[in-house]
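show me the folded form of this:
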Amino acid sequence: MTHILGTVSDAMSSPVITVPPDRSLADAADRLLDEGVGSAVVTTERLEGIVTKTDLLAGHTVCETPTGEPVSRVMSSPVVTVQPDQPLSAAARRLDENGIKHLVVVEEGVEGVLTTTDILNQLAPTTTKLVDQVTAGVDGAGD
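Got it, this is the predicted structure:
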């Protein structure tokens, strides 16, 4: 089925950056910076959680020795997930309903991460076209 705004797989970031739950906050922060991403999926043999830049910053305020603390201390768990074939509109609703900015995309395993920014980037060309069409209609209305 074709979705007017696209599917999760059209907008998600992949491959996924992963870290184990015992990885230190400092090491996780270095990994995010090195990879230029805003989150890492926390895994063992299974999906454990997700740690974001915001979580890492919060770790510096809630942990006595933040750099050595494990990411499991600040990660979000349980993880809110979405399937890659879901419409972006459904994913956006899921983000909003849960008050979060990251969804982990799963099918047979972890496939990617979808963020609010990914959705906005996917919608930008469509939004621009709509604005152009409305503007053209308004400009040509008096002709």
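
kindly check the end-to-end length of stretch 106-119 for me.
With CA to CA, to the nearest Å applied, stretch 106-119 spans 17 Å between its terminal residues.

what lies in contact with that stretch?
Residues outside stretch 106-119 that contact it (CB atoms under 8 Å, 6 or more residues apart in numbering): 8-9, 11-16, 18, 37-39, 41, 43, 47, 50, 81-84, 88, 91-92, 95, 101-105. Just so you know, the C-beta spots here come from the backbone N, C-alpha and C atoms, and that holds for glycine as well.

buried stuff in that stretch?
Using 16 or more other CB atoms under 10 Å as the test for burial, stretch 106-119 gives 106, 110-115, 118-119.

give me the nearest residue to A11, chain neighbours excluded.
Nearest in space to A11, with sequence neighbours left out and distances taken as CB to CB, 6 or more residues apart in numbering, is Q122 at 3.9 Å.

spit out the contact partners of the one you found.
5-6, 10-11, 88.

and what of I100?
Residues near I100 by CB under 8 Å, 6+ apart: 76, 80.

let's see that with 6 Å instead.
V80 (CB atoms under 6 Å, 6 or more residues apart in numbering).

next one: M12
M12 makes contact with 105, 112, 114, according to CB under 6 Å, 6+ apart.

try it again at 7 Å.
Contacts for M12 (CB atoms under 7 Å, 6 or more residues apart in numbering) come out as 84, 105, 112-114, 118.

taking these one by one, which sit in helices?
Of those, the ones assigned to helices by DSSP state H are D118.

before we move on, the earlier item: save the buried residues of stretch 106-119 as CSV, and put in pLDDT too.
Putting those into CSV (pLDDT from 0 to 100) gives the following:
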residue, pLDDT
V106, 97
V110, 95
E111, 95
G112, 96
V113, 97
L114, 97
T115, 95
D118, 93
I119, 92
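
got a markdown table for these, with distance to D55 too?
Below are the buried residues of stretch 106-119 laid out as a markdown table (distance: CB to CB, whole Å):
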| residue | distance to D55 |
| --- | --- |
| V106 | 20 |
| V110 | 18 |
| E111 | 21 |
| G112 | 19 |
| V113 | 14 |
| L114 | 17 |
| T115 | 14 |
| D118 | 18 |
| I119 | 20 |
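
filter the contacts of stretch 106-119 down to just the ones in strands.
18, 39, 41, 43, 47, 50, 81-82, 102-105 (DSSP state E).
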